[in-house]
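Enquirer: Have a look; sequence and predicted model below, questions after that.
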Amino acid sequence: MSLRRKRLTGLERSHTQACRIFIIPAIVLCVFFVIVPLIDVIRYSFTDWNGISADMKFVGLENYKNLPQMDGFKDMLIATFSFAIGMTLITILIAFLIALLLDKKSRGRLPRSFMRALWFIPSLLSGTVVGILWHIMYNYRNGVINTILTKAGLEKVNWLETVGVTNIAIIVAAAWVQIGMCIVIFMAGLQSIPEDIYEAAIIDGASEAQKLRSITIPMMAPSITINMITTTIGAFKAYELPYFISKGMPGYSTMLLTGRISFYAFSANKYGYGSALAVVLILIIAVFSLAELIFLRKREDIY
């Protein structure tokens, strides 16, 4: 016996129609600003094109074969992965701890809305502005960070010209920008946890650590998933902030793949080569994001 389709009321039909109309602009924007450019980048990656002339020579996989021979390619891969992983872990950990502190109800606590807005302010600044700001702060001679270290009786640190140290300096600056957005998402997740669960745990004699491990973290699993994936994608796509802090120096130790894509596409006039590198970066982001999504969603199911 076939099931009859449920008839919609006039109000439900009007709501459905309105939803379809409102989603059209989003679909149009996605097609023209995401799908079409993505298809073009893939198409250009198989060509030898300078990005200006009408001549576009098809070279097949030649651009992809030449990528490992690029100067500093290995160093750039290491820099990109270390930056993305380091920024993601530091951002998530600090943002989670700050969200817990802001959500804690205690006397003398600063207003939660004010503190949340204060932490969110760096997220409103452009990567260029933040990069220049931190570049000035990291200055060896008269930067504010080394000035503080000197007054504390410590030695100055060459933040911008030391392999390893410069990578950490860039990660710290990038995490400073991203933490505010993650705090907002974490606080939304914390406020959605029913108080009854904590009250029952208190009655059962659970300690603060036990409540955090058995209630807060499991209930925050969806928020952790969102922040992990968005932060990882943002880290792999980062360009302005790392570039304006260190210019990729020393050597290629802090040069991210995004910086090299920009160089080949817009400075060296090797648009096809830059497109091939962009496709590789897109695949890296897709694989990382998918792996994170599968792992974190499994954790959500466990909880």
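Expert: Noted; the coordinates are in hand.
Enquirer: Tell me which residues of the lowest-mean-pLDDT helix or strand in the chain come out buried.
Expert: Within the chain, no helix or strand scores below helix 112-120, which has a mean of 79 by mean pLDDT, DSSP states H and E. For helix 112-120, the neighbour count (16 or more other Cβ atoms under 10 Å) marks 115-116, 119 as buried. C-beta here means a position set from N, CA and C on the backbone, and glycine is covered the same way.
Enquirer: got it, and stretch 77-87?
Expert: 77, 79-84, 86-87.
Enquirer: and what of stretch 38-57?
Expert: Using 16+ other Cβ under 10 Å as the test for burial, stretch 38-57 gives 41, 44-49, 51, 56.
Enquirer: residues touching Ala173, list them.
Expert: Shown in contact with Ala173 (Cβ atoms under 8 Å, 6 or more residues apart in numbering): 130-131, 134, 241, 245.
Enquirer: Make TSV out of the buried residues of stretch 38-57 and add secondary structure and pLDDT.
Expert: Below are those laid out as TSV (DSSP: H, G, I helix; E, B strand; the rest coil; pLDDT from 0 to 100):
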residue	secondary structure	pLDDT
Val41	helix	94
Tyr44	helix	94
Ser45	coil	94
Phe46	coil	95
Thr47	strand	93
Asp48	strand	91
Trp49	coil	90
Gly51	coil	83
Met56	coil	86
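Enquirer: ok so, going back, what is whichever helix or strand comes after the least confident helix or strand of the chain packed up against?
Expert: Next along the chain after helix 112-120, taking DSSP states H and E as the criterion, comes helix 127-137. Helix 127-137 sits against helix 144-151, helix 165-191, helix 240-246, with contacts defined as 3 or more Cβ pairs under 8 Å, 6 or more residues apart in numbering; DSSP states H and E.
Enquirer: average pLDDT for helix 127-137?
Expert: Per-residue pLDDT over helix 127-137 has a mean of 93.
Enquirer: what's the closest of the helices and strands packed on helix 127-137 to Ser126?
Expert: With Cβ to Cβ as the measure, helix 240-246 is the member of the helices and strands packed on helix 127-137 nearest Ser126 (6.9 Å).
Enquirer: helices or strands up against that closest one?
Expert: Contacts defined by 3+ Cβ pairs under 8 Å, 6+ apart place helix 240-246 against helix 127-137, helix 165-191.
Enquirer: highest average neighbour count across the ones you listed?
Expert: helix 165-191 (a mean of 21; mean count of other Cβ atoms under 10 Å).
Enquirer: Centre of the chain to it, how far?
Expert: Its chain's average C-alpha position is 9 Å from that of helix 165-191, according to Cα atoms, centre = their mean, to the nearest Å.
Enquirer: Would you map the strands across the stretch 1-150 of the chain?
Expert: All strands of the stretch 1-150 of the chain, identified by DSSP state E, counting those that start in this stretch, fall at 47-48, 57-58.
Enquirer: nearest to Ala200, of the ones you listed?
Expert: With Cβ to Cβ as the criterion, Ala200 lies closest to strand 47-48 of those, at 63.9 Å.
Enquirer: can you tell me which residues contact Ser192?
Expert: Shown in contact with Ser192 (Cβ under 8 Å, 6+ apart): Met219.
Enquirer: Before I go, just wanted to say thanks for your time.
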